[in-house]
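Colleague: next comes the sequence, and after it the predicted model I'd like to discuss.
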Amino acid sequence: MQPSPPTSEHALLERACNLAGQTLGELAVQAGISVPMDLRRDKGWVGQLLEWHLGASAGSKPVPDFDNLGIELKTIPIGYNGKPLETTFVCVAPLIGLHGLSWEKSHIRHKLARVLWVPVEGERDIPLPDRHVGSPLLWSPSEEEEQQLRRDWEELMDMIVLGQVEQITARHGEVLQLRPKAANSRALTEAYGANGQPIKTLPRGFYLKTHFTAALLERYFIL
DNA sequence: TACTGATCATTT
DNA sequence: AAATGATCAGTA
């Protein structure tokens, strides 16, 4: 009996607020699923548990979690210091077919247009069933945040177009990183080489750096 | 502790 | 292979 999809932002936020303070163990019981010992082989487990409770259109379909509302769900692991423990994966970076692509049309901008952030205790010494869910935050980028994201995106995409994808490190970009996003190091995809010729390289993804998500959460709790 | 490359499961 | 959901774990 999975909850039905929320029909409004308000309904979604209210539902998320009701999860705050509960543990992953409690939520797993309600969902009728078992809790893994750790996340080593179940890295997406927390996200999928929250999807179930919030009535997200689950699965790996390339649509927003709450398609009708245009909202993306992101769980974010929080440490004892109250700050994110991990970077946040946003989406895969396009490596070819980039003609005419702009920030305004980019997949990443649409993904980040409206996000429901759900903080979850993430320290590894807290047993998974005992970790608490925090207060949700329904977020859209501020003007400054959007400009930061746009600048980083344009810098990274310029390098990709110029065939320099393999020279990109996680330090190119103030708030966005480009890093491998693959099943393993053998998974390859097509990209532009330095002379415009096609090359095979690891699929890359855009990740939000922890200082960016930390600031975004902090902005909320200060306001 | 941040950065980095590598990895895990599942579905389409 | 690419999309969904991310964290792991070595090292500088």
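Modeller: Everything's here; your move.
Colleague: near DNA strand C, which residues of chain A show up?
Modeller: A:38-40, A:42-44, A:46-48, A:50-51, A:60-62, A:65, A:72-77, A:86-89, A:91-92, A:111, A:122, A:124, A:181, A:183, A:186-190, A:203, A:205 (CB under 7 Å from any atom of the strand). In this view, the C-beta of every residue, glycine as well, is placed from N, C-alpha and C.
Colleague: quick check: closest non-adjacent residue to the residue in chain A that DNA strand B sits nearest to.
Modeller: Closest approach between chain A and DNA strand B, counting by CB to the nearest atom of the strand: residue A:170, at 2.3 Å. For residue A:170, ignoring the flanking residues on the chain, the nearest one in space by CB to CB, 6 or more residues apart in numbering is residue A:177 at 4.4 Å.
Colleague: quick check: which element contains the one you found?
Modeller: strand A:176-180 (DSSP states H and E).
Colleague: does that strand come close to DNA strand B?
Modeller: Yes - using CB under 7 Å from any atom of the strand, strand A:176-180 reaches DNA strand B at A:177, A:179-180.
Colleague: that strand - contacts with which helices or strands?
Modeller: helix A:143-161, strand A:204-208 (3 or more CB pairs under 8 Å, 6 or more residues apart in numbering; DSSP states H and E).
Colleague: ok, back up a step: and the residues of strand A:176-180 next to DNA strand B, which are buried?
Modeller: Among the residues of strand A:176-180 next to DNA strand B, those scoring as buried are A:177, A:179 (criterion: 16 or more other CB atoms under 10 Å).
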